[in-house]
Structures are given as structure tokens and as C-alpha cells.
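Q: no sequence for this one, just the structure:
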């Protein structure tokens, strides 16, 4: 059994998500690696947390960058309770 934690991201916007960022404190941001296409509109992908985050708190700030280079607002998600994010 793997100790790696995962979550899903669903893109319900009209633009592809090209970058996905996470931060514990809304200041120091780390980027998740997305494929070349990012997350196309209407698609859901599963993303694995890096192993070093296993002892991290449940709540993280999340934001994304879209293909037109606009950014979403950062929002706090509790990954222990809601392991599925939806950008709409």
C-alpha cells in the first residue's frame, strides 16, 4: 500500500489550467507538475502530493493559472475532508 496522498482537480472553466500552485501560508508557493496540456476544460485529473508533505496540515491554499495567463484567486481547501477540487 502506498503512503502517497492524492486528490482530483476538475476544470469546469472554458480555459485550460496550465499551472496549479499550493501553499500552507499563502506566501511560499509550490507548483504541481501538470502534463503538457495542463488540465483541459471539462477534464478531471488525479494529482499526487510529494512525499515530504505527508506530515503537513490538512488545509492548503490553492490557486491556478489559466492558458490566457490569468490567475484564479487563492482559496483554502481542507484536503483531509475534500480531496476533490473544482475550478469553475
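A: Great, that's in hand. Just so we're clear, the structure is a prediction, and the values are computed from it rather than from any experiment.
Q: so residue 54 touches residue 79, yeah?
A: No: in terms of CB atoms under 8 Å, residue 54 does not count as a neighbour of residue 79; the distance is 11.6 Å. In this view, the C-beta of every residue, glycine as well, is placed from N, C-alpha and C.
Q: Who has more neighbours out of these two?
A: Neighbour totals were compared for residue 54 and residue 79, and residue 79 leads with 20 against 10 (other CB atoms under 10 Å).
Q: Going along the chain, name the strands of the protein.
A: 6-11, 17-23, 30-32, 44-48, 59-66, 75-78, 84-87 (DSSP state E).
Q: Quickly list what's touching both of residue 54 and residue 79.
A: Residues touching both residue 54 and residue 79 by CB atoms under 8 Å, 6 or more residues apart in numbering: residue 5.
Q: Is there a neighbour count for the nearest residue to residue 22 once chain neighbours are set aside? I'd like the number.
A: Nearest residue to residue 22 in three dimensions, chain neighbours excluded: residue 60, at 4.9 Å (CB to CB, 6 or more residues apart in numbering). Residue 60 is flanked by 22 other residues according to other CB under 10 Å.
Q: Relative to residue 5, how far out is the residue lying closest to residue 74 once chain neighbours are set aside?
A: Distance criterion CB to CB, 6+ apart; nearest residue to residue 74, sequence neighbours excluded, is residue 63 at 4.1 Å. As judged by CB to CB, to the nearest Å, residue 63 and residue 5 stand 20 Å apart.
Q: ditto for residue 14
A: Distance check for residue 14 against residue 5: by CB to CB, it reads 30 Å.
Q: out of the two, which sits in the more crowded spot?
A: Between residue 14 and residue 5, counted using other CB under 10 Å, residue 5 has the larger neighbour count: 16 against 10.
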